[in-house]
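> What shape does this take:
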Amino acid sequence: DWFSAHDNTRTFLKNISGLERGSYRVYDQSGAFIETGVFAELDYTTKVSDLHEAEKEFLKLTEEAMKIETRSDTDVGIFLSGGIDSTTIVAHATTHLLKRQKSVPIFTKYYEEKGEKDDYHWATCVMNELKEKFGYSFDHVAINMDPALTEEDIRQAVRARHAPVTDIRQVSMCKLYQHVRDERGLKVILNGQGSDEIYFGYYPLDYWLCKYYRSGDFTAPEIIKYFGDELNILKHKAMNPEHVSGAREVASEYLEKALSKYRHIPEKEKQMTAFFVDSIMQALLLYEDKLGMYSSIEVRVPLINPLLSKYSTICDWRIHIESTDSGRHLLRYTLKGMLSDDLIMRPKSPTPKRKKYADELLEILRPHKNAIETSKLLLSVYKPEILSNLEKLGEGAGDYAYYGNVDDVLLEIAGLFFFEQEILNK
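This next block holds a predicted model:
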């Protein structure tokens, strides 16, 4: 993968080595070293099956983790998307941060015209409730993500990630971190990245696992809608009319492929967490580190602190989906008494995402037409006739892209192209 080619465990500090990829260290509150290990070696066998005991233990661990993650000799900000993950961090971390800083800078993305608005609404509700109930002082910084994309936006995201840009949110987070540094002068920011992967909030896998094992059956309309929204290679099968009657079979095929190693989770009482820690978590952590370092800030992800992630792996997987089909039951429980049930138990919603940016991408790509048509990297992924007819891309995206719309496919092409220019050719 793109990450392993650039792995270096030596830091710029003399005689101090960084962590190996996929490993962790634990320190107590005084900063004393406790242990080190590798996530892949954690014991994923279910041990905790009592719901109420797990809730109490996890709440205590959350407080301990937040004390550690909010330590800083400078002001700390928080990215609040409005989802359950960042809501949990804002609710718990603010109590610690306000002991030494006058207010907590809260950064939210919003769109007037070009993106989803639901999470911005929820983010505002979260801040209003916490302020009213506890008197928390927030310095709300709302960043408008409507301005047109530029070539430099994509190039910066590629340089920051040291990998191709494949999702518009990668560009927006890079811009947000730069705003944190340039406009606010902050050096530390918290976000909820990685939580989906260890608390059963990652929909492409856990949603249908929850549905299947809770009810024992699927309904065709739900599955058709789901596969129409998510990024997976079975989308077109499920969307195709002749497959409607076999919707359950399509979903079962998806689960079997996606969970090939852990498809007998209930029978073997294995944690879904194993799949994510083994295959996804390492890349996510490195991704956040790279984006933060590029902007000279430290990005912390409190919800995957080892105190919490290790505990999650020993819980019965059913505990994570106890209260809703959206997962994250333990996270939701820690918010009881802090926020209303309307906020705590709301369904999962996607991170705010930009919509309809194909025209902007075409403007960016047009000056590079000749280079795109002869790009070795792009020609290894796309047919030559596709690269020479980007203007007509929307007419048959399904012929060469299993996921996304024309906006996403054009961004992928731009991301690969500028990755080749910025990284591979230097």
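> roughly how far apart are the nearest residue to residue 335 once chain neighbours are set aside and residue 362?
If you skip the residues right next to it in sequence, residue 335 has residue 344 as its closest partner in space, 4.8 Å away by CB to CB, 6 or more residues apart in numbering. (Each C-beta comes from the backbone N, C-alpha and C, glycine too.) As for residue 344, its distance to residue 362 is 43 Å (criterion: CB to CB, to the nearest Å).
> Between those two, point out the one with more neighbours.
Using other CB atoms under 10 Å, the more surrounded residue of residue 344 and residue 362 is residue 344, with 22 against 15.
> ok, that one - contacts?
Under the criterion of CB atoms under 8 Å, 6 or more residues apart in numbering, the contact partners of residue 344 comprise 84, 332, 335-336.
> With residue 110 instead?
117, 120, 142-145, 352.
> cool, and residue 359?
Residues touching residue 359, when contacts are defined by CB under 8 Å, 6+ apart, are absent altogether.
> pLDDT wise, what is it at?
The per-residue pLDDT reported for residue 359 equals 90.
> Likewise for residue 296?
Reported pLDDT at residue 296 in the predicted model: 89.
> repeat for the one 5 residues further on
Per-residue confidence for residue 301 comes out at a pLDDT of 89.
> ok so, going back, which of the contacts of residue 344 has the largest number of neighbours?
The residue in these with the most neighbours, by other CB under 10 Å, is residue 84 (30 neighbours).
> Verify the contact between that residue and residue 329 for me.
No. Judged on CB atoms under 8 Å, residue 84 makes no contact with residue 329 at a distance of 10.3 Å.
> what's whichever strand or helix holds residue 413 in contact with?
Secondary structure assignment for residue 413, by DSSP states H and E: helix 406-419. Counting by CB under 8 Å, 6+ apart, helix 406-419 makes contact with 151, 154-155, 157-158, 163-168, 355-358, 361-362, 364-365, 368, 371-372, 375, 377-378, 381-382, 387, 390, 393-394, 397, 401, 404, all of which sit outside it.
> following the longest helix seen in the chain, which helix or strand comes up?
Criterion DSSP state H: the longest helix present in the chain is helix 51-69. Past helix 51-69, further along toward the C-terminus, the next helix or strand under DSSP H and E is strand 76-79.
> partner strands of that next one, parallel or antiparallel?
Strand 76-79 has its sheet partners listed here by DSSP bridges as strand 104-110 (parallel), strand 188-190 (parallel).
> Residue 291 is nearest to which of these?
Closest to residue 291 of those, according to CB to CB: strand 188-190, at 10.4 Å.
> and the next element down the chain from that closest one?
helix 195-198.
> Which neighbouring elements make contact with that next one?
Under the contact criterion of 3 or more CB pairs under 8 Å, 6 or more residues apart in numbering; DSSP states H and E, the helices and strands touching helix 195-198 comprise helix 84-97, helix 273-276, helix 306-314.
> make it 10 Å
Packing partners of helix 195-198 (3 or more CB pairs under 10 Å, 6 or more residues apart in numbering; DSSP states H and E): helix 84-97, helix 203-215, helix 273-276, helix 306-314.
> Confidence-wise, which of these is weakest overall?
helix 203-215 (a mean of 44).
> Tell me, how many residues neighbour residue 141?
Here the neighbour count serves as a burial measure; for residue 141 (other CB under 10 Å) it reads 18.
> Hmm, residue 185 and it touching each other?
No. Using CB atoms under 10 Å, residue 141 is not in contact with residue 185; the gap is 11.9 Å.
> intersection of neighbour lists for these two?
Jointly contacting residue 141 and residue 185 under the rule CB atoms under 10 Å, 6 or more residues apart in numbering are residue 105.
> any low-confidence regions in this protein?
Scanning the chain for pLDDT under 70 picks out 1-24, 38-46, 197, 200-285, 325-326, 348-351, 394-404.
> Next up, the contacts around residue 292.
Shown in contact with residue 292 (CB under 10 Å, 6+ apart): 160, 173, 177, 180-181, 187-189, 191, 298-300.
> So which of these belong to strands?
When the contacts of residue 292 are checked against strands using DSSP state E, the ones located there are 188-189, 298-300.
> top of these by neighbour count?
Neighbour tally across the ones in strands among the contacts of residue 292 (other CB under 10 Å): the maximum, 24 neighbours, falls on residue 300.
> how near is it to residue 30?
Remark: distance between residue 300 and residue 30 (CB to CB) = 19 Å.
> what's the answer for residue 153, then?
To residue 30, residue 153 is 43 Å away according to CB to CB.
> So which of those two has more stuff around it?
Set side by side, residue 153 and residue 30 show unequal neighbour counts under other CB under 10 Å, the larger going to residue 153 at 19 against 5.
> Pull up the gap between that one and residue 102, please.
33 Å.
> same deal with residue 332?
Remark: distance between residue 332 and residue 102 (CB to CB) = 30 Å.
> Also residue 27?
When CB to CB is applied, the distance between residue 27 and residue 102 equals 28 Å.
> do residue 80 as well
As defined by CB to CB, residue 80 lies at a distance of 18 Å from residue 102.
> Neighbour count: these two, which is higher?
Each of residue 80 and residue 102 had its neighbours counted (other CB under 10 Å), and the higher figure belongs to residue 80 (29 against 9).
> contacting residues for the more buried one?
With contacts defined as CB under 10 Å, 6+ apart, residue 80 is in contact with 86-87, 89-90, 104, 106-109, 119-120, 122-124, 126-127, 138, 140-141, 190-192.
> what's around residue 137, how many residues?
Each residue near residue 137 was counted by other CB under 10 Å, and the total is 14.
> I figured it was touching residue 99, is that so?
No. Counting by CB under 10 Å, residue 137 stays clear of residue 99, with 11.9 Å between them.
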